[in-house]
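Engineer: using only what follows, build the 3D model:
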Amino acid sequence: MTEKEPFISIIIVEYYYPEEKFIRCMKSYTNQDYENYEIILILWGKKEFNDISTLLKSNNIKREKIKIFEYFGDPGYAKGNNIGVNKTKSEFILISNPDVETTPNFLKKMINSFFFLKKKNNTDKIIVGPRICNYNGIIEYSRRKINFLGFGNIDISKTNKIRRTMISSGCCFIIKKKYYEKLNGFDESYFMYKEDIDFSIRAMKFGIKQYVDNSIHLYHLRSDEEYKLNKFKYYYHERNRILLCLEHSKKKKKMLLSHLLFEPIHIIFSISKDFFRERYKIYKFFFQNYFKIIKNKKNENDLFDRYYEMDGIFNETNLNSLKFKILNYFAKMLFYFYHH
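Structural biologist: A predicted model of the protein is given here:
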């Protein structure tokens, strides 16, 4: 990198009673061989706040790089990050989950990749994310495209190349702060899950080029149990998936009908997983906000309708199963209905 080392703010949102993986995350971020950075830590909770400084000190975590801000209540991932970005005046921001682990050269690699892409494209309208993996060898995220689930992984081979992506993962990416602000940050109505997809689509519309540098690895510290759907995840994943599609499509009524045609399958799935109460809450949300969503044109874009594909139904469906192949075939028929 030929330019002067720019200042980077790492934004981390965490519950006030952190687990061991948060400690590992903070240790890795405070042990970087890159000097010009800070960590903006947004701590939230519904109870009396803990003494986080004592916790950091007892775990030998360097405190000088960390700025702590307390938020009473649960802002959600979207609002929590927006609060964090507003607390800094840095040139670059790096959005990060609190349950990740990095190598000491992580920040240096990320900023080098940004400037390489800036020079290549002759613009600083760039978002760069790392390849996100776990220690079991699973690649969680490489590149993504827009589909019926809201996103879908593609190109998860072991390449180390920098590749274009439609969706930048909210788990970790770097962007110039001025562009994050011009996009008004994450949409706080999403609260949690798929706010990064909404942000990425708006960024694409704004002319920002998005990349994944597969030579930079970030490790997501999630257990096998955390990959499973629970009631909280199901509600926000499903509500926000439908909201995302309706908000960005210019064919709102056709999009809504496409979703409704799948509802009998979703109802069976929700009952089988004991999620039907959450499904009912999703119906209630859309009944209450129907006219507001249908009349809202600000996020509609040709890019979404051009690239939207209906290939895939549920997060937990086995991709090699007969059930998935039948559902996928049904989805592809709807795809042609939607686009014609």
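Engineer: by mean pLDDT, flag the weakest helix or strand of this protein.
Structural biologist: Least confident element among the helices and strands of the chain, by mean pLDDT, DSSP states H and E: strand 152-154 (a mean of 52).
Engineer: and the next helix or strand past that strand?
Structural biologist: strand 162-164 (DSSP states H and E).
Engineer: so which elements touch that following strand?
Structural biologist: helix 106-121, strand 209-220 (3 or more CB pairs under 8 Å, 6 or more residues apart in numbering; DSSP states H and E). Every residue, glycine included, has its C-beta placed from N, CA and C.
Engineer: cutoff 6 Å now
Structural biologist: Here strand 162-164 touches strand 209-220, going by 3 or more CB pairs under 6 Å, 6 or more residues apart in numbering; DSSP states H and E.
Engineer: buried residues, stretch 100-116. List them.
Structural biologist: For stretch 100-116, burial by neighbour count (16 or more other CB atoms under 10 Å) applies to 100-103, 106-116.
Engineer: from those residues, pick the one nearest residue 163.
Structural biologist: Closest to residue 163 out of the buried residues of stretch 100-116 is residue 113 (11.7 Å), distances taken as CB to CB.
Engineer: grab the nearest non-local neighbour of the closest one.
Structural biologist: Leaving aside its sequence neighbours, residue 113 sits nearest to residue 213 (CB to CB, 6 or more residues apart in numbering; 4.4 Å).
Engineer: report how many residues lie close to the one you found.
Structural biologist: 22 (other CB atoms under 10 Å).
Engineer: report the separation between it and residue 102.
Structural biologist: Relative to residue 102, residue 213 is positioned 13 Å away (CB to CB, to the nearest Å).
Engineer: try residue 25
Structural biologist: Counting by CB to CB, the gap from residue 25 to residue 102 is 8 Å.
Engineer: same question, residue 127
Structural biologist: Counting by CB to CB, the gap from residue 127 to residue 102 is 18 Å.
Engineer: who does the regular element (helix or strand) spanning residue 205 touch, helix- and strand-wise?
Structural biologist: In this structure, residue 205 sits in helix 195-206 according to DSSP H and E. Other elements packing on helix 195-206 under the criterion 3+ CB pairs under 6 Å, 6+ apart are helix 231-248, helix 302-307.
Engineer: swap the cut-off to 7 Å and go again
Structural biologist: strand 209-220, helix 231-248, helix 302-307 (3 or more CB pairs under 7 Å, 6 or more residues apart in numbering; DSSP states H and E).
Engineer: residues near the closest residue to residue 234 other than its chain neighbours, how many?
Structural biologist: Among residues not flanking residue 234 along the chain, residue 275 sits closest, at 4.7 Å (CB to CB, 6+ apart). Close neighbours of residue 275, defined as other CB under 10 Å, add up to 22.
Engineer: residue 231 versus residue 275, what's the distance?
Structural biologist: 6 Å.
Engineer: what about residue 132, distance to residue 284?
Structural biologist: Residue 132 is 34 Å from residue 284, by CB to CB.
Engineer: swap in residue 115?
Structural biologist: Taking CB to CB, one finds residue 115 at 48 Å from residue 284.
Engineer: and residue 294, how many neighbours?
Structural biologist: Neighbour tally, residue 294, other CB under 10 Å: 12.
Engineer: same check, this time on residue 7
Structural biologist: Residue 7 has 15 neighbouring residues, counting by other CB under 10 Å.
Engineer: ditto for residue 261
Structural biologist: 14.
Engineer: residue 12 contacts residue 41, correct?
Structural biologist: Yes: Residue 12 is within contact range of residue 41, at 5.3 Å (criterion: CB atoms under 7 Å).
Engineer: got the contact list for the spatially most central residue of the chain?
Structural biologist: Closest residue to the average C-alpha location of the chain: residue 170 at 2.7 Å, with CA atoms, centre = their mean. For residue 170, the contact set (CB atoms under 7 Å, 6 or more residues apart in numbering) comprises 77, 95, 195-196.
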